[in-house]
Each structure stands twice: as C-alpha cells, then as structure tokens.
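Participant: Here's a sequence, model it:
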Amino acid sequence: MSAPAAASAPSVTPANPVIPVTAVFVRLKLSLLRNGLHQSTGRRAAYIASVVAALLVAALQLLGLIALRGNEHAATVSVLLTAVLALGWAVMPLFFPSGDETLDPTRLVMLPLRPRPLVRALLVASLVGIGPLFTLCLALGAVISLAHGAAAAVTGVLAIALTLLICVALARTVAAANIRLLTSRKGRDLAVLSGLVIAVGAQVVNFGAQRLGSSGLSQLDPAADVVRWIPPASAIGAVDSVSEGSYATGIAQLALAAAALAALLALWQRTLTHLMTSPDGSTLAASGPAKARSTRGPGRLLPGGRTGPVMERSLRYVWRDPKTKAAWVTSLAIGLIVPLFNALQGTGSIYFACFAAGMLGVLMYNQFGQDTSAFWMVAMTISSTHDAYIELRARALALLVITLPYAALVTVITAAVLGDWTGLAEALGLSFALLGAMLATGAWSSARFPYSIPQEGYKNVAPGQAGLAWISIFGGMVAAALLCAPVLAFTIWLHVSGAASWSWVLLPLGGAYGAVITYFGLRLAAPRVARRLPEILLAVSKG
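Facilitator: This is a model prediction of the structure:
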C-alpha cells in the first residue's frame, strides 16, 4: 500500500523560486534609488542635476582622453587621472557615509548571509550608480587613448574591468573598516568637514594647473613612471606597455592589479565577518565600569572666576560641536593655504599673511549663535553689564588662545618661503592689529545681529536669517578694515617717507593697538548684550 501511495503522491515544488542573493541586492539598490527620488521634489531635482553634471563631465573627459590618442603624454595623463580617481573612491565614504544606504553592512546582521556571497552581492550592487559610470567612462577613454593593436585592445578590456572593480572594492573596504566611526558623532564631523576637503583640493588643483601651464605635462612624467605600478593605475599602464611591445611588463602590471583586487576582497570579507559577529564597542563601554575622569583637565590652566569656565566651554565647542569645528578647521586651513600657495607661486607678498588673521577673526562674529537654544543658561548668569563684559572677554580670550599663535606661525612661514625676513615684524604688527579690530567688531555684531546655526544639515544660517548673517560678517569686516586705517596709514607713511628701516616699530604698535581696540569693542558691546538678552535668545533659538 505504501509503495503505490508514494508513487501516486504529487511532486512538491516550491511556491516561490529561490532568487540569487546578488539579484536581491541589485534590486535593493535600485529600490533605494527609486524611493529616495520619491521623498521630495527638491531631492529629485538635485539628483537629476547631479546626474546631468556627472554625465557631462564624464563625456567631456572621455572625449578629451580620446583626443590625446597618439600624444606623447597620453600615458602620463591617463595613469595619473586613474590614480586620482582611485584616491577619490577611497576617501569619499569617509565624508559622505549617507550617500549609499547599503554601505552600512550592520543593517544586514540579522539576515542569514555568509561573508563570501555577501561580498559578491555587495560588489555587484555597487556597480549601479553615477560613480561607477563615471569611472567606466574614464577607464574607457584612457584605454582608447593608449591601445594600439589587438593585444593592447584585449588588455584594455581587462584593464577597464580591473579598474572599475578595484575602485568599487576600495570604497567598500574603507567603508566597512570605518563603519563604526561613520555612524558615530565623529563620523558626522567628517561629513561636515567634507567642504573643507573640497576647498583644499580646489586650491591644490589650481596650484597644479598653474604649474603645469608654465612648464608643460613633461613635468609629470617622473610621477607617472612610479604611479603606473600602483593599482588600479597599473592596469591602465599595462595597456600602454603592451602597445609599446613590452608584453612581460604589461602582464606584470595586470597581475599586480589583479592581486590588489583579490587582496581588497579578502580584506573586505574579513572585515565584514568581524563586523557582523562582534558586539558593538559602544555597548561594551556603556556596560563596563565607568572610568574616572578629570573634571577640569587642561581647564586647570585657565583663569579663575567666570572667565575660566567660559573659555573652557568655548574651547569645548571647537573640539566637539561639528559646525563650530568645521568653521575653525576651514579658517585655519584657508588662512594658511592662501598666503602659502601664493608665496610658492612667486606671486605672493608678506602682507598676504594677514589673511590668516582675517579668516580667524571672522570666528568672533555671532558668538551666541553656536549656543543655540542653550543660550538661556548663559543668559541666566548675566545680571549686569559687568557680567556681559566678562562673558565677551572670556570668549575673545578663548579665540586668542588659538588664533594669536597661529597667525604668528602663518606669518613666519610666509616670510620663510618668500625669504622676506625684513618684513616679518611689520606683517606681524598688521596681523595683530587686524585681529584686534575683528574681535572688537565681532563682539558688537554678536550683540546686534545674532542668528541661529542649525544643528542638522549643511546650512550655517537658519531660514529667514541670511540677511542678518551677511550684515554681521561683511559689515563687521568693513568696520574692522576702517578701524585698522591708522595702522595702515602709518605703514604707508613709513615706506613713502623712506623710513622703512623703522618698520619693526609696527610689531609692538600693532599689538598694542589691537589690544586697545579689542578692549573698547568689548566695553561697547557689553551694555548691548545685557539689554538684549531676550532678543538674542529668540534669534539664536530659531534653528
């Protein structure tokens, strides 16, 4: 009975066919892109604009590389562009961790996925997007400009695949290794600082373009000879080697790129295994015994009374608040880059060092905006004009702890690069005078034109307060320049009258003038702060 019954039983087939993991992840990536575009019209417009811009740049880059075909510097340009693009893939996840939701593999911890299929699925899913398309266009253009002959064409196909896969795997490996950092407060700090990287990179590109415009691409040939052995640029270098008949060199460069890809995938798989099987470090820290901390730390070196705690609070904002940190790091970097790069190009002057003092002095403006709605606690401690003066003075002193030595350091570096040591004292005096004038006008602007700084997003001004920010910063900068007019006039008189040998007098004169003007500026702003505490609180609480 059992045998016939078993023979007559219908075969069982699964109702839903098993879908490969890779296909599921590709669908997931497409769904994330589609759902992101449906969130708002502004996001859809921004995405479309970025796609159009990226495709336009990619097309121009492709045409430019094709136009280099047969040029003696085609290999140099192609290899170096590939290396720069790979560097961008490596650092991009650190500054834009939210650009791709699938970058965070911790969201997949509860799913029954093995590391090797997961790596393969994530790698294929990562090939969907604007970045891979841009990389494909660059690699294709580089291969077309370098490939001559059938062997080189076959090598070019392998080079394109290796370049694209290495770039994507590099980004994924970096993101997986730093995912704990990217999802923490420090990771958000890195995202805020991304604008600084773009600004510094723009200055470097500008400097390099000017140098190349004066000396030609031949100056890059030694660098390209080294970079062509570094993956993924080695894959593009293999195409050039095969085109020139160096088959052994081309095979070695391709093998180097393939080995780099294998190493990245192995490291990525190992990182994923550790990440998805180990507990969160923050949870362990929270459950462990609390470590004893010093209540003041370096704050013991600060003055007593109200001044010390206010200075320490301001310095903690610099270290811990993302927006404040971004403003400080940007000012410090740009304040050094502008005078230094101009000096390196041979077009600078010792007076360009005053740019550092100007950039750092701007940080005095809108002092209460960084407090946001927590300013009410500060307002509760101010009951008189004297309290307001102490508050402003402490904030100015906290700023001077960093800005004064840094402005002096930038001036010394600029003088060293230019070899203009005779103008060092003069430039230091002007920098100190300008810094004092900006502290004075910044204190008054903080009291008269406060505005809120949103804590979320990239905007530094709350909606509806852009006019206040423009008046506060640019109006204060013009006023600071006018306050420095006596020192500037005295400097001009020294040079016009032939008494330039006495320019060293500007160092003590500028320092004293800056201190005096700061004192009177704080005294002038203190009564206004004491009278306008409710208005200031309302203005800085809108973000």
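Participant: how much space between the residue nearest to Ser218 when sequence neighbours are not counted and Leu533?
Facilitator: Using Cβ to Cβ, 6 or more residues apart in numbering and skipping the chain neighbours, the partner closest in space to Ser218 is His73 (7.1 Å). C-beta: built from backbone N, CA, C; applies to glycine. From His73 across to Leu533, the span is 65 Å (Cβ to Cβ, to the nearest Å).
Participant: Which one of these two is surrounded by more residues?
Facilitator: Remark: of His73 and Leu533, Leu533 carries more neighbours, 19 against 14, as counted by other Cβ atoms under 10 Å.
Participant: Can you tell me how far the more buried one is from Ser445?
Facilitator: 16 Å.
Participant: before we move on, what about Gly64?
Facilitator: Taking Cβ to Cβ, one finds Gly64 at 47 Å from Ser445.
Participant: So which of these two has more stuff around it?
Facilitator: Shown here are Gly64 and Ser445; by other Cβ under 10 Å, Ser445 has more neighbours (27 against 13).
Participant: In what element of secondary structure is the more buried one found?
Facilitator: Using DSSP states H and E, Ser445 falls within helix 424-448.
Participant: what mean pLDDT does the stretch of helix or strand Ala515 belongs to have?
Facilitator: Element membership of Ala515 [criterion: DSSP H and E] is helix 506-531. Mean pLDDT, taken over the full extent of helix 506-531, equals 92.
Participant: burial of His38, as a residue count?
Facilitator: Neighbours of His38 using other Cβ under 10 Å come to 9.
Participant: On the pLDDT front, check the residue lying closest to it once chain neighbours are set aside for me.
Facilitator: Among residues not flanking His38 along the chain, Arg44 sits closest, at 7.7 Å (Cβ to Cβ, 6+ apart). Arg44 carries a pLDDT value of 73.
Participant: Next: Arg296.
Facilitator: 50.
Participant: Then Ser40?
Facilitator: pLDDT for Ser40: 63.
Participant: Now the spatially closest residue to Val128 that is not a sequence neighbour: phi and psi?
Facilitator: Excluding its sequence neighbours, the residue lying closest to Val128 (Cβ to Cβ, 6+ apart) is Lys29, at 4.9 Å. Main-chain dihedrals, Lys29, degrees, to the nearest 10: phi -60, psi -40.
Participant: cool, and Glu72?
Facilitator: Residue torsions, per degrees, to the nearest 10, at Glu72 are phi -70, psi -20.
Participant: Quick check: it vs Asp221, distance?
Facilitator: In this view, Glu72 and Asp221 are 9 Å apart by Cβ to Cβ.
Participant: Looking at those two, which has the bigger crowd around it?
Facilitator: Higher neighbour count among Glu72 and Asp221: Asp221, with 14 against 10, using other Cβ under 10 Å.
Participant: Would you check that the more buried one makes contact with His73?
Facilitator: Yes - taking contacts as Cβ atoms under 8 Å, Asp221 lies within contact range of His73: 7.5 Å.
Participant: how far out from the middle of the chain is the host helix or strand of Ile66?
Facilitator: Ile66 belongs to helix 41-67 when assigned by DSSP H and E. Offset of helix 41-67 from its chain centre (Cα atoms, centre = their mean, to the nearest Å): 22 Å.
Participant: so what's Leu220 closest to, chain neighbours aside?
Facilitator: Distances taken as Cβ to Cβ, 6+ apart put Thr76 closest to Leu220, at 5.2 Å, once the chain neighbours are dropped.
Participant: was I right about that neighbour contacting Gln219?
Facilitator: No - applying Cβ under 8 Å as the test, Thr76 and Gln219 come out as separate, 9.6 Å apart.
Participant: before we move on, the earlier item: what's around the residue nearest to His38, how many residues?
Facilitator: Applying other Cβ under 10 Å, we find 13 residues neighbouring Arg44.
Participant: ok, it to Ala326 distance?
Facilitator: With distances taken as Cβ to Cβ, Arg44 is found 27 Å from Ala326.
Participant: And for Ala437?
Facilitator: Shown here: Ala437 relative to Ala326, a distance of 25 Å by Cβ to Cβ.
Participant: More neighbours: which of those two?
Facilitator: Ala437 (28 against 20).
Participant: Next up, the contacts around the more buried one.
Facilitator: 361, 479-481, 483-484, 514, 517, 521 (Cβ atoms under 8 Å, 6 or more residues apart in numbering).
Participant: Any of these buried? List them.
Facilitator: Buried subset of the contacts of Ala437 (neighbour count, 16 or more other Cβ atoms under 10 Å): 361, 479-480, 483-484, 514, 517, 521.
Participant: What separation is there between Arg528 and Ser445?
Facilitator: Taken as Cβ to Cβ, the span from Arg528 to Ser445 is 10 Å.
Participant: With Leu122 instead?
Facilitator: To Ser445, Leu122 is 50 Å away according to Cβ to Cβ.
Participant: Under the pLDDT cut-off, which ranges of the stretch 401-543 of the chain? List them.
Facilitator: Low-confidence segments of the stretch 401-543 of the chain (pLDDT under 70): 455-460, 462-464, 466, 543.
Participant: I'd like to know which elements the helix or strand just after the helix holding Ile66 is packed against.
Facilitator: Going down the chain from helix 41-67, the next helix or strand is helix 74-95, by DSSP H and E. With contacts defined as 3 or more Cβ pairs under 8 Å, 6 or more residues apart in numbering; DSSP states H and E, the packing partners of helix 74-95 are helix 41-67, helix 130-146, helix 150-177, helix 185-192, helix 194-215, helix 221-227, helix 233-243.
Participant: Relative to Thr347, which of those helices is closest?
Facilitator: Closest of these to Thr347 is helix 194-215, at 9.3 Å (criterion: Cβ to Cβ).
Participant: pLDDT (mean, whole number) over the closest one?
Facilitator: For helix 194-215, the per-residue pLDDT averages 58.
Participant: ok so, going back, is it true that the residue nearest to Val128 touches Ala125?
Facilitator: Yes - contact criterion Cβ under 8 Å: Lys29 and Ala125 qualify, at 4.4 Å.
Participant: If you count surrounding residues, which of those two has more?
Facilitator: The neighbour comparison of Lys29 against Ala125 (other Cβ under 10 Å) goes to Ala125, with 24 against 21.
Participant: and stretch 251-264, how far out from the chain's middle?
Facilitator: When distances are taken as Cα atoms, centre = their mean, stretch 251-264 is centred 30 Å away from the chain's centroid.
Participant: how about it: buried residues?
Facilitator: Residues of stretch 251-264 classed as buried by neighbour count (16+ other Cβ under 10 Å): 252-254, 256-258, 260-261, 264.
Participant: Ok, stretch 261-274 next?
Facilitator: Within stretch 261-274, the residues scored as buried using 16+ other Cβ under 10 Å are 261, 264-265, 267-269, 271-272.
Participant: can you check stretch 485-497 too?
Facilitator: For stretch 485-497, the neighbour count (16+ other Cβ under 10 Å) marks 487, 490-491, 494 as buried.
Participant: Please export the C-alpha coordinates of stretch 64-76 as CSV.
Facilitator: C-alpha atoms of stretch 64-76 as CSV (Å, rounded to 0.1, in the frame of the first residue of the first chain):
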residue,chain,number,x,y,z
GLY,A,64,39.5,64.7,-24.0
LEU,A,65,41.2,61.4,-23.4
ILE,A,66,40.3,60.1,-26.9
ALA,A,67,41.7,63.4,-28.3
LEU,A,68,45.0,62.5,-26.7
ARG,A,69,45.4,59.3,-28.7
GLY,A,70,48.8,59.4,-30.3
ASN,A,71,50.1,62.2,-28.0
GLU,A,72,53.4,61.5,-26.2
HIS,A,73,51.8,62.5,-22.9
ALA,A,74,48.7,60.4,-23.2
ALA,A,75,50.0,57.7,-20.9
THR,A,76,51.0,60.2,-18.2
